[in-house]
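1. using only what follows, build the 3D model:
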Amino acid sequence: MAGVLAALAVLAGCRGGRVQEAPEKVRLAVAQLPHAALVHVAAAEGYFASEGIDVTLLRYPFGKPALDALTGGRADLATCAETPFVLAVLQGRGLAWLGTIETSTENTVLVARVDAGIARAAEIAGKR
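-> Predicted coordinates for the structure are as follows:
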């Protein structure tokens, strides 16, 4: 999130709180996932507009289609995970990574049944 907000702040320029007469228009392709919630909150709360940026959110179910919107010219910026980004770079798409929205050690979790004798990760061994 910080990277996307920083990139948008750079687009708006360092104006010391002054809003431009004509807001910078930006099409931001964003995943509709918890990972990108801060982008949705920033738009809903008017944070982009208060910085003189007219953001149009292009909502996609996850990051890969958002990245495809960017590489297809339908968006100016996009949110996505590292894997689709790296694969696109390896395909020669000439992209730049601006920042990370979120980092979490509990981003992916495993849900198991306690009644099956699984209360901790170490108890998964030998289970099917």
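2. which residues are in contact with the residue nearest the centre of the chain?
-> Centre of the chain computed as the mean C-alpha position; nearest residue by C-alpha atoms, centre = their mean is Thr79, 3.3 Å away. Residues near Thr79 by C-beta atoms under 8 Å, 6 or more residues apart in numbering: Val4, Leu28, Ala29, Val30, Ala31, His35, Ala36, Val39, Gly63, Ala66, Ile101. Placement of C-beta: from N, CA and C, glycine included.
3. and of the residues you listed, the nearest to Gly73?
-> Distance ranking of those against Gly73, using C-beta to C-beta, places Ala29 first at 11.0 Å.
4. show me what contacts that closest one?
-> So Ala29 contacts Leu58, Tyr60, Pro65, Ala66, Leu67, Ala69, Leu70, Arg74, Ala75, Leu77, Ala78, Thr79 (C-beta under 8 Å, 6+ apart).
5. tell me the spacing between the last one and Pro61.
-> Using C-beta to C-beta, to the nearest Å, Thr79 is found at 12 Å from Pro61.
6. tell me, what's touching the two both at once?
-> Shared contacts of Thr79 and Pro61, counting by C-beta under 8 Å, 6+ apart, come down to Ala31.
7. only the buried subset of the contacts of Ala29, as a ChimeraX command please.
-> Remark: buried members of the contacts of Ala29, expressed as a ChimeraX selection using 16 or more other C-beta atoms under 10 Å:
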select :58,60,65,66,67,69,70,75,77,78,79
